[in-house]
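**Q** Okay, predicted coordinates and the sequence, questions at the end:
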Amino acid sequence: MPRYVYRCKECEQIFEKVHSMSEKLKDCETCKTKESLIRVPNLITKKIDQKGKVGDIVKQFIDDAKSEVAQEKKKMKEEEYKS
């Protein structure tokens, strides 16, 4: 399952959740505000002190995203054939 980072517009809390690509969180668990969450790109939350060039970090992010998409496509195809 892919990991997503969310930020609350009200309390500014940033947290990470693991869920399917089709799911999207909307309500903040911390301050209980409805419709206050914004999905933040995972690239922003990577450790700044990582070794390597910026281009390598971006390439790794892209490779991870491609892998997540491939897994989700496979899952969707399996569900479609079950119906």
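**A** Cool, got the structure.
**Q** Glu12: neighbour count?
**A** When neighbours are defined as other C-beta atoms under 10 Å, Glu12 has 9 of them. (C-beta placed from N, C-alpha, C; glycine too.)
**Q** Helices of this structure, start to end?
**A** 42-45, 54-82 (DSSP state H).
**Q** Now do the longest one: which elements does it pack against?
**A** On a contact count with 3 or more C-beta pairs under 8 Å, 6 or more residues apart in numbering; DSSP states H and E, helix 54-82 meets helix 42-45.
**Q** I'd like the distance between the spatially closest residue to Glu10 that is not a sequence neighbour and Val5.
**A** Nearest non-adjacent residue to Glu10, counting by C-beta to C-beta, 6 or more residues apart in numbering: Thr33, 4.4 Å away. Using C-beta to C-beta, to the nearest Å, Thr33 is found at 18 Å from Val5.
**Q** Just the C-alphas of stretch 22-39, formatted as CSV.
**A** Extracted C-alpha coordinates of stretch 22-39, given in CSV (Å, rounded to 0.1, in the frame of the first residue of the first chain):
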residue,chain,number,x,y,z
SER,A,22,-8.4,5.4,-4.6
GLU,A,23,-8.9,6.5,-1.0
LYS,A,24,-8.4,10.1,0.1
LEU,A,25,-8.6,11.3,3.7
LYS,A,26,-10.6,14.5,4.3
ASP,A,27,-11.1,14.9,8.1
CYS,A,28,-8.3,15.7,10.5
GLU,A,29,-7.9,13.1,13.3
THR,A,30,-6.0,15.6,15.5
CYS,A,31,-8.4,18.6,15.6
LYS,A,32,-11.5,16.7,14.3
THR,A,33,-12.1,19.4,11.6
LYS,A,34,-14.1,18.2,8.6
GLU,A,35,-12.8,18.6,5.1
SER,A,36,-9.5,20.2,6.3
LEU,A,37,-6.8,17.8,4.9
ILE,A,38,-4.5,18.5,2.0
ARG,A,39,-2.4,15.7,0.5
